[in-house]
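Chemist: let me see the structure of the following:
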Amino acid sequence: MAKRFFLIVLDSFGVGELPDAYKWHDEGSNTLGAIRNHPNFDCPNLTQMGLFNIDGVGGGVPNPTASYAKMSELSMGKDTTIGHWEIAGLVSPEPLPTYPEGFPDEIIREFEKRTGRKVVCNKPYSGTEVIKDYGREHMETGALICYTSADSVFQIAAHEDIVPIKTLYEYCEIARELLVGKHGVGRVIARPFNGEYPFTRTANRHDFSLAPPADTILNLLQRAGYDTISVGKIYDIFAGSGVSESNRTTSNAHGMQVTKEMQGRDFSGLCFVNLVDFDMKYGHRNDVPGYAAAATEFDRFLPSFINDMRDDDVLLITADHGCDPATPSTDHSREYTPMLIYGKHIKSGVNLGVRRCFADIGATVLDYFGVDGENTSGQSFLGLVRK
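Modeler: Residues are numbered from 1 along each chain as shown. The predicted structure follows:
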């Protein structure tokens, strides 16, 4: 029978500050702690799997159905790109470049020259606020709204009536070509919006990521003949490297729907899923009720998925960083992440403690398929949980 591994990343679902959180001014951040007592949070399935049994989280249950761990991030960052790369076996000892004062003049001037459009803003900004503050100027002049955040990103916002989606993506590709070497930001992000003032961001966001600097588990699995299926923005995060099939999604609900469809298919390999709404719609907008409701929505998805798992299927749920919606900051937070692993041949209730790095997940995936990790990082915990 084909072996299948479903790796689901709840984007930004942190479970408490890392010891070095002070370096990022993230002391006290705890994404799960911010939502767990909200009335919208109702997650009996995650609870029974062992989410609250994880070290330091508190409120666990007797006899959890999954095995569990608290994952430490070893890479020097707290963004989506670095977090996913580490999950997939690449530890980044150096942070990707950030631009708290905006991008240098030579980058902006060359970008303007190559796109034929002026740039406005060029500083860190909230994605919803930037279109309120610069949207009218963009509508009147056609200038591109370029901005960044605390993360390693170059974001381009444009109204779909002024800049067609295809053209906006072409502008992002130009920016991606320019932002290499010392200016190699993790992601260039298209941020289209529409409607009348104060405008609404659309679902046509697209990320243009820096290619991973070395092989990840996706490349190794693919070379070994396994399927590597992306759901959500996984394809974008890895710049397509090692991905055999990409399935784009527009929301958490759509991502869960596509994941369930993948479960009904015959394949042999990894289905790597990112559910982005936790981060994009709720964490960055400091929306505690929305974040709590999104957790509940995912919890409702689990019974059907678990019920339909085949004998050799493995489900692993984790996150890539935090984004505490209850702090004044709207940026990502440097946090531990949860890890829940479940399957018919996976032991229940094993506490794997605090793991050294996210890459232990990637090592476990490779171990499951019998693929050599080669130069990837991480230590498999499969032997500790396999029946």
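Chemist: mind showing which ranges of the stretch 151-300 of the chain have poor pLDDT?
Modeler: Scanning the stretch 151-300 of the chain for pLDDT under 70 picks out nothing.
Chemist: repeat for the stretch 1-150 of the chain
Modeler: Residue ranges of the stretch 1-150 of the chain with pLDDT under 70: 1.
Chemist: what ranges does it have for its strands?
Modeler: For the stretch 1-150 of the chain, the strands defined by DSSP state E, counting those that start in this stretch cover 4-10, 67-71, 119-124, 144-148.
Chemist: nearest to residue 218, out of those strands?
Modeler: strand 4-10 (10.6 Å; Cβ to Cβ). For every residue, glycine as well, the C-beta is placed using N, CA and C.
Chemist: so what strands line up beside the closest one?
Modeler: Counting by DSSP bridges, the strands paired with strand 4-10 are strand 269-275 (parallel), strand 313-318 (parallel).
Chemist: the shortest one vs strand 67-71, what angle?
Modeler: When you say that, I think you mean strand 313-318. Interaxial angle of strand 313-318 relative to strand 67-71 (axes from the mean of the first three to the mean of the last three Cα atoms, to 10 degrees): 30 degrees.
Chemist: moving C-terminal of strand 313-318, what's the next helix or strand?
Modeler: Once strand 313-318 ends, the next helix or strand along the chain (criterion: DSSP states H and E) is strand 337-343.
Chemist: what's the answer for the longest one, then?
Modeler: Later in the chain than strand 269-275, the nearest helix or strand by DSSP H and E is helix 277.
Chemist: how far out from the middle of the chain is that following helix?
Modeler: Offset of helix 277 from its chain centre (Cα atoms, centre = their mean, to the nearest Å): 10 Å.
Chemist: quick one: list the elements packing against the following helix or strand past that helix.
Modeler: Downstream of helix 277, the next assigned helix or strand under DSSP H and E is helix 288-307. Identification of packing neighbours for helix 288-307 by 3 or more Cβ pairs under 8 Å, 6 or more residues apart in numbering; DSSP states H and E yields strand 4-10, helix 31-35, helix 44-49, helix 252-263.
Chemist: which positions in helix 288-307 come out as buried?
Modeler: For helix 288-307, the neighbour count (16 or more other Cβ atoms under 10 Å) marks 288, 290-299, 301-302, 305-306 as buried.
Chemist: now stretch 266-275
Modeler: Neighbour counts over stretch 266-275 (16+ other Cβ under 10 Å) mark 267, 269-275 as buried.
Chemist: turn those residues into CSV, including distance to residue 79.
Modeler: Shown next, in CSV, are the buried residues of stretch 266-275 (distance: Cβ to Cβ, whole Å):
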residue, distance to residue 79
267, 30
269, 27
270, 22
271, 23
272, 18
273, 19
274, 13
275, 17
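Chemist: could you save the helices and strands packed on helix 288-307 as a markdown table and add columns showing distance to residue 90 and mean neighbour count?
Modeler: Shown next, in a markdown table, are those (distance: least, Cβ to Cβ, whole Å; neighbours: other Cβ atoms under 10 Å):
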| stretch | distance to residue 90 | mean neighbour count |
| --- | --- | --- |
| strand 4-10 | 15 | 25 |
| helix 31-35 | 23 | 26 |
| helix 44-49 | 28 | 19 |
| helix 252-263 | 23 | 18 |
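Chemist: dump those to TSV, plus distance to residue 196.
Modeler: Output for the helices and strands packed on helix 288-307, formatted as TSV (distance: least, Cβ to Cβ, whole Å):
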stretch	distance to residue 196
strand 4-10	34
helix 31-35	32
helix 44-49	40
helix 252-263	26
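Chemist: quick one, which of these is nearest to residue 134?
Modeler: Closest among these, using Cβ to Cβ: helix 252-263, at 28.4 Å.
Chemist: circling back: could you dump the strands of the stretch 1-150 of the chain to JSON lines with distance to residue 227?
Modeler: Formatted as JSON lines, those follow (distance: least, Cβ to Cβ, whole Å):
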{"stretch": "strand 4-10", "distance to residue 227": "9"}
{"stretch": "strand 67-71", "distance to residue 227": "25"}
{"stretch": "strand 119-124", "distance to residue 227": "39"}
{"stretch": "strand 144-148", "distance to residue 227": "36"}
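Chemist: brilliant, that's me finished.
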